[in-house]
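A.B. asks: How does the following fold in three dimensions:
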Amino acid sequence: MEEVIRSDYSNRFVPYVNGYFQFFLFAGLTFQFILLYLIRTKSPSSLDQLKYFLYNTSCIQILEIICGYFTQHRSLPNSTTFAVLANGPCRYFGPKVCFSGYHIFLGVTFCVALSISNTVIYRFLVLRRRDITKRHLMYIIAFSYVPGIITTIIPFTDEWDFPVAINQTYLEHPTYDLSYYAPFSGFANINSTQFLAATAILAIGAYGIPLCSFLLTRSILKLIRAHSNMSTRTKTQAKTLVHGLACQVLLPLFCYIPIFSVYSYSQLNGKENIASEHLLMILTCLPALIDPFISFYFVVPYRNALLRVVTNRKEDEKTSTMAVASTVSVRQISVHVM
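C.D. replies: Prediction:
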């Protein structure tokens, strides 16, 4: 009887996690498609270059939402293996598909983090120089996909021996009710070159990308404050946009680092932490759910468009003028700065 209770205890979060992912799929896609509509229809000409980065981030986050829902994986580390307990639609196609989806999800997540960092880099380059061409934008965006693609490919070169991972998972977690996830997949050897390389890249991304982006955002704000050719109004409007980027940078900082640290500690010390097994994926996906609201608020034309819908009022000339004026400051920065 005690064994049954403890087995049920190991899956006590599963119903809540299942419910969350249903909400995550519907709400996440809804907000992202609203944002795509606003980018397409409500962006003034002064945001022509920034739109490339907004489109890129939104599209890759849509892919992250779909991949996350498809796998809904729970990470369970062992002493020498690593189990991936998938509970999403991928289970209809077998453990190999779930394991592949897991790797694709991690690669896409890496691309999401770099897409936000790209926007910060773009704002910094605009402040430092004004000859940012469409070709430059395409290069910046294209190169940001390289680490994510490498992270995705590396595990496919490793040996997939699921029975080894399954047997050790049952052996080292006797109180877990793993039948709920069977058959599941996993890494047969966490000391393999491929696993260590992919883990190292992800660790660098989890810690390095948010921290570097945050430091770069601070540099952007300092450049704006120190610029003598900007009016007070222009500086205020420019800083508002950068504050939005700062929020997008800080969100992964708070989502990735704490849970990745707790999870890494559990893995290294062999201690079970049921909450972190679920939260590792949930918090990794969370920015894709919240980021649209940051754009809704800090990009003034999008904010005004949504307010008109909520308050059921038509766009008047004054509102339109204010929206354009607030975004023209983005272009003025590159005109005034060398």
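A.B. asks: After the helix or strand hosting Ile153, which helix or strand is next?
C.D. replies: Using DSSP states H and E, Ile153 maps to helix 145-153. Per DSSP H and E, the first helix or strand lying C-terminal to helix 145-153 is helix 162-172.
A.B. asks: Now do the strands in the stretch 201-338 of the chain.
C.D. replies: Applying DSSP state E, counting those that start in this stretch to the stretch 201-338 of the chain gives no strands.
A.B. asks: Do you have the helices of it handy? List them.
C.D. replies: With helices called from DSSP state H, counting those that start in this stretch, the stretch 201-338 of the chain shows them at 232-269, 274-298, 300-311, 317-336.
A.B. asks: for the closest residue to Val242 other than its chain neighbours, what are its contacts?
C.D. replies: Nearest non-adjacent residue to Val242, counting by Cβ to Cβ, 6 or more residues apart in numbering: Ile220, 5.3 Å away. Yep, even glycine has a C-beta here, placed from its N, CA and C like the rest. Applying Cβ atoms under 8 Å, 6 or more residues apart in numbering, we find Ile220 in contact with Val120, Arg123, Phe124, Leu127, Val242, Leu245.
A.B. asks: In those residues, find the pair that's most separated.
C.D. replies: Across those, the longest distance by Cβ to Cβ is 12.3 Å; it joins Leu127 and Leu245.
A.B. asks: Show me which of these two is the more surrounded one.
C.D. replies: Leu245 (24 against 21; other Cβ atoms under 10 Å).
A.B. asks: about what we covered before: could you say which of the helices of the stretch 201-338 of the chain is packed most deeply?
C.D. replies: helix 274-298 (a mean of 20; mean count of other Cβ atoms under 10 Å).
A.B. asks: relative to helix 300-311, how tilted is that one?
C.D. replies: Put simply, helix 274-298 runs at 90 degrees to helix 300-311, going by axes from the mean of the first three to the mean of the last three Cα atoms, to 10 degrees.
A.B. asks: From the contact counts, what lies against helix 274-298?
C.D. replies: Packed against helix 274-298, as judged by 3 or more Cβ pairs under 8 Å, 6 or more residues apart in numbering; DSSP states H and E, are the following elements: helix 14-41, helix 48-71, strand 74-77, helix 95-128, helix 232-269, helix 300-311.
A.B. asks: and these as TSV, adding distance to Pro163?
C.D. replies: As requested, the helices and strands packed on helix 274-298 are exported to TSV (distance: least, Cβ to Cβ, whole Å):
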stretch	distance to Pro163
helix 14-41	24
helix 48-71	20
strand 74-77	16
helix 95-128	11
helix 232-269	21
helix 300-311	51
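A.B. asks: so which strand or helix has Ser79?
C.D. replies: With DSSP H and E as the test, Ser79 turns up in no helix or strand.
A.B. asks: Wait, Phe195 touches Ile201, no?
C.D. replies: No - proximity of Phe195 to Ile201 does not meet the contact threshold set by Cβ atoms under 8 Å, at 11.1 Å.
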